[in-house]
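Need coordinates for the following:
(4 chains)
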Protein chains: 2
Amino acid sequence: MHRHSRQRKVILDVLKRTKTHPSADWVYREVKKEIPNISLGTVYRNLKLLQSIGEVTEISCEGNEGRFEGNSHLHYHITCQKCGQIKDVDDIILHDIEGKVARATGFKITNHCVGFAGICPACLE
Amino acid sequence: MHRHSRQRKVILDVLKRTKTHPSADWVYREVKKEIPNISLGTVYRNLKLLQSIGEVTEISCEGNEGRFEGNSHLHYHITCQKCGQIKDVDDIILHDIEGKVARATGFKITNHCVGFAGICPACLE
DNA sequence: AATAATAACAGGAATTATTACTATTATATT
DNA sequence: AATATAATAGTAATAATTCCTGTTATTATT
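Now for the predicted structure:
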């Protein structure tokens, strides 16, 4: 059973209000502003716990391991390597890729990581 | 300029002949059978060098960082979250996703990261 | 409100994966 | 064969994460 703790609440708040995809250490430093003696272990433990209850997602694409986000809905993105903008890829384009892979492999799929990088139309000119 | 070394050759041979997606440490232990005093640093250095010349790929999706493969034909990966095995998903299943995304977004795509995670048929029982 | 049970904590040690350093060895070129 | 230096072995260092232990705080129960 989970008890409430101030530490957990502040960690989640920090994640919910940032638009970036911070590392555990960034979260630690941020939470420290409010709870100066928080332990890094507490941050890791809670990031894991919050993941397990679906409040937080760990990004696993594009070498961004160890980055977390509080907005846990699935999405695809494409990054321009020149100007850095990130665009969304319409779900329809990649419709049912999980289903296709599940049928081909026999796996029960629980997660996927789909991301692209390239040069955007504007930068191509 | 690259010189040839026995160490590099054996490391590449080991990777080319395995069907698994080994870690640097597994490669190290395997190469040790042939070159008992090889250094782990040598394995890491060569894995990196072999990557840079396209002989070896490092898997970068779904928390599989640090896994390598010598098989360079296009395919995707699926990882079992229970037993940890990594299997290949043939390109045909997700045929031309890069092209689809390119046409939908107008990007010139140069890189992608596509991987899946779930529970494998054996672990589902 | 006080008590008891234990989840969660802080702080530090331990672990793991990877990289950096340095003196020595091996390879390609002359 | 002599030379220059890429590559090596072995070790130390770094970074990210997890584990451990004694203490604190939260929740349920009285």
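
Can I take it that residue A:8 is in a helix?
Yes - counting by DSSP: H, G, I helix; E, B strand; the rest coil, residue A:8 is found in a helix.

Am I right that it is in contact with residue A:47?
No - look at residue A:8 against residue A:47 with CB atoms under 8 Å: they stay out of range, at 9.9 Å. Where you see a C-beta, it was placed from the backbone N, CA and C, and this is true even at glycine.

out of these two, which sits in the more crowded spot?
Between residue A:8 and residue A:47, counted using other CB atoms under 10 Å in any protein chain shown, the more crowded position is residue A:47 (23 against 19).

quick one: the more buried one and residue A:55 touch, right?
No - using CB under 8 Å, residue A:47 is not in contact with residue A:55; the gap is 9.8 Å.

tell me, what's touching the two both at once?
Here residue A:47 and residue A:55 share no contacting residue, scored by CB atoms under 8 Å, 6 or more residues apart in numbering or on different chains.

Where does the record place the domain boundaries for chain A?
A:6-69, A:77-124 (automatic domain parsing).

closest one to residue B:18 among these?
Among the domains of chain A, the nearest to residue B:18 by CB to CB is domain A:77-124 (20.0 Å).

What is the least confident helix or strand in chain A?
The weakest-scoring helix or strand in chain A, judged by mean pLDDT, DSSP states H and E, is strand A:67-69 (a mean of 63).

Can you give me the pLDDT of the residue lying farthest from the centre of chain A?
Relative to the C-alpha centroid of chain A, counting by CA atoms, centre = their mean, residue A:125 is the outermost residue, at 32.1 Å. Looking at residue A:125, its pLDDT reads 81.

re earlier: nearest to residue B:35, out of the domains of chain A?
Using CB to CB, the domains of chain A put domain A:6-69 closest to residue B:35, at 30.4 Å.

right, is the closest one up against DNA strand D?
Yes - contact of domain A:6-69 with DNA strand D (CB under 7 Å from any atom of the strand) involves A:6, A:23-25, A:40-41, A:44, A:48, A:65-66.

could the residues you listed go into JSON lines alongside secondary structure and pLDDT?
Conversion of the residues of domain A:6-69 next to DNA strand D to JSON lines gives the following (DSSP: H, G, I helix; E, B strand; the rest coil; pLDDT from 0 to 100):
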{"residue": "A:6", "secondary structure": "helix", "pLDDT": "95"}
{"residue": "A:23", "secondary structure": "strand", "pLDDT": "85"}
{"residue": "A:24", "secondary structure": "helix", "pLDDT": "91"}
{"residue": "A:25", "secondary structure": "helix", "pLDDT": "92"}
{"residue": "A:40", "secondary structure": "helix", "pLDDT": "96"}
{"residue": "A:41", "secondary structure": "helix", "pLDDT": "95"}
{"residue": "A:44", "secondary structure": "helix", "pLDDT": "95"}
{"residue": "A:48", "secondary structure": "helix", "pLDDT": "91"}
{"residue": "A:65", "secondary structure": "coil", "pLDDT": "57"}
{"residue": "A:66", "secondary structure": "coil", "pLDDT": "59"}
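
which among those are in contact with DNA strand C?
Applying CB under 7 Å from any atom of the strand to the residues of domain A:6-69 next to DNA strand D, those adjacent to DNA strand C are A:40-41.

Perfect, I'm done here.
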